[in-house]
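1. next one to model:
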Amino acid sequence: MNPRIIDEEEQGTRVDRLVTDELEESRSVVQQWVKEGWITVNGDRVKNNYKLQAGDRIDVTIPEDNHEEMTPEEMDLDVRYEDDDVVVIYKPRGMVVHPAPGHARGTLMNGLLHRYPLWQHHPEARAGLIHRLDKDTSGLLIAAKHPEAYEQLSAQMKERKIERKYKAIVHGEVPHETGKIDMPIGRDPHDRQKMAAVRENSKPAVTHFQVLQWWHKYTFVECELETGRMHQIRVHFAEIGHPVAADPKYGRRKTLSLPGQALHAYRLRFEHPVSGEWVEVEAELPEEMQAAIDELNKTS
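-> Residues are numbered from 1 along each chain as shown. Okay, here's the model as predicted:
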């Protein structure tokens, strides 16, 4: 997590909660880092319950013993765009993006560290990855190839300048052809492994959608993220009564036969960090999701 400045939307959030959500680390690990001074605010040590103010600067130094899992691994990455400054990777369903307990090896980050050894000296930059996808969401991810590009692309992401579009199959027949879901998202107070649309300890979250096709009991939608909260599309569509099909965490028991949620990050559009030109990359649907669509077309 690079040094960053707190904006007005984040004001009032506890420092341990914000870092936990951003790094997807366990709360207890982050709280220990705060106690040991690895996480500072405006250059000073703070307590875990410190409530951040707009303009505060957070610095996070991941302790060396936490870098042991970040092992370079040779793997065949599916590169969809690459130049001297940036690479766009297609992540298949089932691949974890960042090492975590239970997933220390075989992650996209392990592969990027091997392909671009420069990042082995900058563990805080997470191998140049600008954003992330859930394990069972397939699709496109951007990674910078050097620190200057990382800073520029991270700024674009924070300023919501990077266009990220998804395709999803959701339950039910969505009644509106287009729509905007505006619900803040935070940790589910009843289940810390889930996110939920909640008012307290949450962040603004906005998803725009357009219906691509209706079937009996299902709808095919295109979604565009205005914000990028954890599980955002999955939570938003569950909240409006149309959960993503085959979603084991937020979905229905009776659903499509798929190995994970029917959600695919198919399009990225961003300003090149050096040339300033716009880069657009699209990826086809994974085979199992296309097969589900073909079957719905036959039966509806």
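2. make it CA atoms for all contacts and neighbour counts henceforth
-> Will do.
3. what mean pLDDT does stretch 252-271 get?
-> For stretch 252-271, mean pLDDT is 97.
4. ok, then the element right after the one helix or strand Leu268 maps to?
-> Assigned by DSSP states H and E, Leu268 belongs to strand 263-271. Per DSSP H and E, the first helix or strand lying C-terminal to strand 263-271 is strand 278-282.
5. quick one: buried residues of the next helix or strand along the chain from that following strand?
-> Where DSSP H and E defines the elements, the next helix or strand beyond strand 278-282 is helix 287-299. Buried residues in helix 287-299, defined by neighbour count with 16 or more other C-alpha atoms under 10 Å: Met289, Ala292, Ile293, Leu296.
6. with stretch 180-195 instead?
-> Going by neighbour count (16+ other C-alpha under 10 Å), the buried part of stretch 180-195 is Met183, Pro184, Ile185, Gly186, Arg187, Met195.
7. picking that back up, quick one: the strand holding Leu268 to chain centroid distance?
-> Centroid separation for strand 263-271 versus its chain: 12 Å, with C-alpha atoms, centre = their mean, to the nearest Å.
8. can you list contacts of that strand?
-> Contact with strand 263-271 is made by 137-140, 156, 161-169, 244, 277-286, as judged by C-alpha atoms under 8 Å, 6 or more residues apart in numbering.
9. centroid-nearest residue for this structure?
-> Arg132 (3.5 Å; C-alpha atoms, centre = their mean).
10. quick one: contacts for that one?
-> Val97, Leu141.
11. three-state assignment of it?
-> Of the three states, Arg132 takes coil according to DSSP: H, G, I helix; E, B strand; the rest coil.
12. gap between it and Thr107?
-> 12 Å (C-alpha to C-alpha, to the nearest Å).
13. one more: Val206?
-> For Val206, the distance to Thr107 (C-alpha to C-alpha) stands at 28 Å.
14. who's more crowded, those two?
-> Thr107 (23 against 20; other C-alpha atoms under 10 Å).
15. just checking, that one touches Pro99?
-> Yes. Here Thr107 reaches Pro99: they are 6.1 Å apart, a contact under C-alpha atoms under 8 Å.
16. mind listing the strands for the stretch 101-250 of the chain?
-> 138-144, 163-171, 178-182, 185-188, 191-197, 202-203, 206-215, 218-225 (DSSP state E, counting those that start in this stretch).
17. who does the fifth one pair up with?
-> By that I understand strand 191-197. Looking at strand 191-197 with DSSP bridges, its partner strands are strand 185-188 (antiparallel).
18. cool, and the longest one?
-> Strand 206-215 has these partner strands in its sheet, going by DSSP bridges: strand 178-182 (antiparallel), strand 218-225 (antiparallel).
19. got the buried residues for that strand?
-> Those would be Val206, Thr207, His208, Phe209, Gln210, Val211, Gln213, Trp214, Trp215, for strand 206-215 by 16+ other C-alpha under 10 Å.
20. would you format the strands paired with strand 206-215 as JSON lines with distance to Lys254 included?
-> Formatted as JSON lines, the strands paired with strand 206-215 follow (distance: least, C-alpha to C-alpha, whole Å):
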{"stretch": "strand 178-182", "distance to Lys254": "25"}
{"stretch": "strand 218-225", "distance to Lys254": "12"}
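21. just the ones you listed: most buried one?
-> Of all the strands paired with strand 206-215, strand 218-225 has the most neighbours on average by mean count of other C-alpha atoms under 10 Å, namely a mean of 22.
22. got the angle between it and strand 163-171?
-> For strand 218-225 against strand 163-171, the angle by axes from the mean of the first three to the mean of the last three C-alpha atoms, to 10 degrees is 160 degrees.
23. contacting residues around strand 218-225?
-> So strand 218-225 is contacted by 163-174, 206-214, 233 (C-alpha under 8 Å, 6+ apart).
24. Leu258 touches Gln290, doesn't it?
-> No. Leu258 is beyond contact range of Gln290, at 10.8 Å (criterion: C-alpha under 8 Å).
25. before we move on, back to that, ok, so of the buried residues of helix 287-299, who is nearest Val86?
-> Met289 (28.2 Å; C-alpha to C-alpha).
26. quick check: the closest one vs Gly172, distance?
-> To Gly172, Met289 is 17 Å away according to C-alpha to C-alpha.
27. circling back to that earlier point, Glu239 is nearest to which of the strands paired with strand 206-215?
-> strand 178-182 (9.4 Å).
28. so for that closest one, mean pLDDT?
-> On average, strand 178-182 scores 98.
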